[in-house]
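Asks: Next come a sequence and a model predicted from it.
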Amino acid sequence: APVITIIAGTDTVERGSSWTDAGATADGGETVTSSGTVDTSTVAAYTVTYSATDAAGNTGTATRTVNVIDTTAPVITVIAGTDTVERGSAWTDAGATADGGETVTSSGTVDTSTVAAYTVTYSATDAAGNTGTATRTVTVADTVAPVITLLGDAELTLEVGDTFTDAGATATDTVDGNLSDDIVVTGSVDTTSVGTYSLSDNVSHAAGNAATPVTRIVIVADTVAPVITLLGDAELT
């Protein structure tokens, strides 16, 4: 029978790509025919059989094995979402998709009560066992400062020697709630000395944002005239 020589070719191909049969030759120059198909859309080992028959009716055969493989992981596309959120608000995962329609799963949590950068990882595995991943970064920020409300008068006048008691202030934060006990007061009032005194109230919340300070002005004045007491007679002859 004719001796068939298979011509070297690229016989390991990626799923979805094209494959070209390099063919075969017969040592007697006989015509070589082939049978068998290669489906590059399906992972498998395929056999192509070559045959040639000489003038005496002798038939020779040879075979080629073509391996269709899948080593390409799914490509995951992260869907755009709102990924910078204010502390204490809600965050919704916009999700992700895989180019081959594979099921995408996610891992990682976002704690919107704590300022930080969080990573959510998406993964999908195809039928061949290849896994693709992609990540989303979610930033929890706190940009809202506490609000301070001054109690009592923002400006008052005292007589020198009077007693001064600061009416204080309250502070609230959208997430941390009542921060009144954390208010820091700077400045002092000396009611024994005439002058204008300033007291500043400020507070910061857990994320470090400071409130806009509020100021109380205390004026210590001396408006009482001296009292003169006459010694001796007010009138004498």
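Replies: The structure has been received and is ready for your questions.

Asks: Name the helix or strand for Tyr46, please.
Replies: Secondary structure here is read from DSSP states H and E; on that basis Tyr46 sits in strand 44-53.

Asks: ok, then the element right after that strand?
Replies: strand 59-69.

Asks: Pull out the buried positions in that next one.
Replies: When neighbours are counted by 16 or more other C-beta atoms under 10 Å, the buried residues of strand 59-69 are found to be Gly60, Ala62, Arg64, Val66, Val68. Just so you know, the C-beta spots here come from the backbone N, C-alpha and C atoms, and that holds for glycine as well.

Asks: biggest separation within those, which pair?
Replies: Comparing all pairs in the buried residues of strand 59-69 by C-beta to C-beta, the longest separation belongs to Gly60 and Val68, at 26.9 Å.

Asks: Span of stretch 180-187 from start to end?
Replies: The first and last residues of stretch 180-187 sit 18 Å apart, counting by C-alpha to C-alpha, to the nearest Å.

Asks: Contacts for it next, please.
Replies: By C-beta atoms under 8 Å, 6 or more residues apart in numbering, the residues outside stretch 180-187 that reach it are 148, 166, 168-172, 197-204.

Asks: Quick one: mean pLDDT over stretch 205-220.
Replies: This predicted structure assigns stretch 205-220 an average pLDDT of 92.

Asks: in that stretch, what counts as buried?
Replies: Along stretch 205-220, these residues count as buried under the neighbour rule (16+ other C-beta under 10 Å): His205, Ala207, Ala211, Val214, Arg216, Val218, Val220.

Asks: hmm, back to that, of the contacts of stretch 180-187, closest to Thr92?
Replies: Set against Thr92, the nearest of the contacts of stretch 180-187 by C-beta to C-beta is Thr172 (27.3 Å).

Asks: tell me the centre residue of the protein?
Replies: With the centre of the chain defined as its mean C-alpha position, the nearest residue by C-alpha atoms, centre = their mean is Val138, 1.5 Å away.

Asks: Could you check how far it is from Thr114?
Replies: 12 Å (C-beta to C-beta, to the nearest Å).

Asks: now do Gly177
Replies: On the measure of C-beta to C-beta, Gly177 and Thr114 end up 16 Å apart.

Asks: where does this structure have its least confident helix or strand?
Replies: The weakest-scoring helix or strand in the chain, judged by mean pLDDT, DSSP states H and E, is strand 177-178 (a mean of 91).
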